[in-house]
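*Asks:* Build me a model:
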Amino acid sequence: MKRIIALITAAALAGCGVESAGTAATIAAAKKKELEQGKKTMEQMQQDIGKAMEQTQQNTARGDAAEK
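*Replies:* Residues are numbered from 1 along each chain as shown. Model (predicted):
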């Protein structure tokens, strides 16, 4: 009887370990995806800022040319 209880307890604890490992892997995958999305967003924002700076420089150059 003690052996059966010990086996059941061991099986239950092993199941918890597997579930915890699976949960950790799922969380890690979600964080990786979130990080990749953040990098894409940052790259897009940098491109948008670069375009805005170019437009500002072009507008400034046009304004300077018009004053002369």
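
*Asks:* Only C-alpha atoms from now on, for both contacts and neighbour counts.
*Replies:* OK.

*Asks:* Helices of the protein, residue ranges please.
*Replies:* For the chain, the helices defined by DSSP state H cover 2-67.

*Asks:* Point out where it drops to low pLDDT.
*Replies:* Applying pLDDT under 70 to the chain flags residues 11-20, 67-68.

*Asks:* and Asp64, how many neighbours does it have?
*Replies:* When neighbours are counted by other Cα atoms under 10 Å, Asp64 registers 10.

*Asks:* ok, it to Gly38 distance?
*Replies:* Going from Asp64 to Gly38 by Cα to Cα, to the nearest Å gives 39 Å.

*Asks:* and what of Asp48?
*Replies:* Distance, Asp48 to Gly38, using Cα to Cα: 15 Å.

*Asks:* Lys51 now?
*Replies:* From Lys51 to Gly38 the distance is 20 Å (Cα to Cα).

*Asks:* same question, Leu7
*Replies:* Counting by Cα to Cα, the gap from Leu7 to Gly38 is 46 Å.

*Asks:* Repeat that for Lys2.
*Replies:* For Lys2 relative to Gly38 (Cα to Cα), the value is 54 Å.

*Asks:* who's more crowded, the two?
*Replies:* Higher neighbour count among Lys2 and Gly38: Gly38, with 12 against 7, using other Cα under 10 Å.

*Asks:* contacting residues around that one?
*Replies:* Not one residue lies near Gly38 by Cα atoms under 8 Å, 6 or more residues apart in numbering.

*Asks:* For Lys32, see how far away it is.
*Replies:* Computed as Cα to Cα, the Gly38 to Lys32 distance reads 10 Å.

*Asks:* same question, Ala24
*Replies:* To Lys32, Ala24 is 12 Å away according to Cα to Cα.

*Asks:* ok, now Ala10?
*Replies:* Distance from Ala10 to Lys32, counting by Cα to Cα: 33 Å.

*Asks:* Likewise for Gln44?
*Replies:* From Gln44 across to Lys32, the span is 19 Å (Cα to Cα).
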